[in-house]
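Student: got a sequence here, can you build the structure:
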Amino acid sequence: MLTKGKKDLIIVPFDFTQQSETALIHASKIASQSEDEVRILHIINNETPTRLKKLGMERDGLENALKEVAMRNEEIQGIRTTYHAEEGSIFTSIGEYINDSGASLAVMGTHGVHGFQHIVGANALKVITSSTAPFVVVQKRKIDPDGYKRIVVPVDGNIKGKNKITAAIDLAKYFNSTIYIFEANSTDQFVMNRIAVNIQMIEGYISEHNIPFEHVKEEGKGSFAKQLIKYAAHIDGDLIVISSHSDNEGLMDFIFGNEEVQVLNNDPQIAVLCVNPVSTSTSDVTV
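Tutor: Residues are numbered from 1 along each chain as shown. Now for the predicted structure:
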C-alpha cells in the first residue's frame, strides 16, 4: 500500500488499448507484492461508441468485455481483479472515482506524445493531480519480471514532497530495489544549499530502511528532464519517481509544464510514478 490510510486497491483506467493492457500488467505485478486488489475502471463518454465499434462490440457488451478482462487477469496473474464502468469525463471522473474508492494507487497507460485517451500536455495533470493517490504512468514497455529493480529519484531544491521518497522506498521494499538519487545541478548558492540538505536527509532516510542506493549528480548539457531521462536509460531504469505539483516557491520546479511531458512520455518508455507532494516541516525529508 503506497498511501497510508488508504484501501488495498489499485485502480487501472482502462480503454481496451495496448497501453491500458500494459498498465494492467504493471498494476498486477505491484499487487503481487502489496497484496492489493486491482480494479479496472472504464469511463463511458462520447468516444465510447467509436471505441466499441473498433472492437466489434455494442454498448450493451461493454460490461461483459470488462468482466472478461478482469477474469482473464485474475486467472493469469493470480491477482484479485474487479471492474467498474461509469459515465463521465476522463479529466475529472477518474480522479473522483479514485478518491471516492479510497484507492492507494492508480496505474495509467499513455499513448506517448498523444497522451492517455487523447490527454495531451498539461491536461494530463488534470487526471493525475485530481487524485489523492499516486499515479504510475506507463507506455507500451512491459514491466520487468522482477518488477522495479532500479528506481530513479530526481532531487532538486524543492521543499515539498516527502511522500515522493516514501513511495519510492515502499516500492523498493516490495521488489528489493536499488534507489538511484539523481541530483540537480545549480549555480545558485541558495538552491545548492537546499539541495545539499535534501540529499543528506534523503540518504539518511533511505539508509534507515536498509535500502541500497547510489548518488550521482547531473553533469551533461540540456534540461534537467533530458538529463534525468538519459541517466535513467543509461542504467536501464525501471521507474522514475517525480512530484506532480509545482513548488509554490518556484524553486527549480522542472516537473511542471513541458519538461513534465518529456518525463511522462520519455522515449525509453520508462514507467513514471507521479506523487502529489505535501507540505513538510523543516525537520521532514524534502525532495
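Student: remind me which helix or strand residue 53 belongs to.
Tutor: Taking DSSP states H and E as the definition, one finds residue 53 inside helix 48-54.
Student: for residue 153, same thing?
Tutor: strand 150-155.
Student: paired strands for that strand, with orientation please.
Tutor: Strand 150-155 has the following sheet partners, assigned by DSSP bridges: strand 178-183 (parallel), strand 239-243 (parallel).
Student: follow-up on the earlier one: what's the following helix or strand after the helix holding residue 53?
Tutor: Scanning onward from helix 48-54 (DSSP H and E), the first element met is helix 62-77.
Student: give the buried residues for that following helix.
Tutor: Buried residues in helix 62-77, defined by neighbour count with 16 or more other C-beta atoms under 10 Å: 62, 65-66, 69-70, 73, 77. Quick note: C-beta positions are derived from backbone N, CA and C, even for glycine.
Student: and if you look at stretch 193-205?
Tutor: Of the residues in stretch 193-205, 194-195, 198-199, 201-203, 205 count as buried by neighbour count, 16+ other C-beta under 10 Å.
Student: report the two of the residues you listed separated the most.
Tutor: Taking C-beta to C-beta, the two most distant members of the buried residues of stretch 193-205 are 194 and 205; they sit 16.3 Å apart.
Student: okay, and for the stretch 51-200 of the chain, where does confidence drop off?
Tutor: Counting by pLDDT under 70, the ranges of the stretch 51-200 of the chain that qualify are 58-60, 111-125, 159-161.
Student: quick one, domains of the protein?
Tutor: The domain map for the chain lists 9-138, 150-275, with the assignment taken from automatic domain parsing.
Student: so for stretch 142-156, first residue to last residue, what's the gap.
Tutor: The separation between the terminal residues of stretch 142-156, taken as C-alpha to C-alpha, to the nearest Å, is 29 Å.
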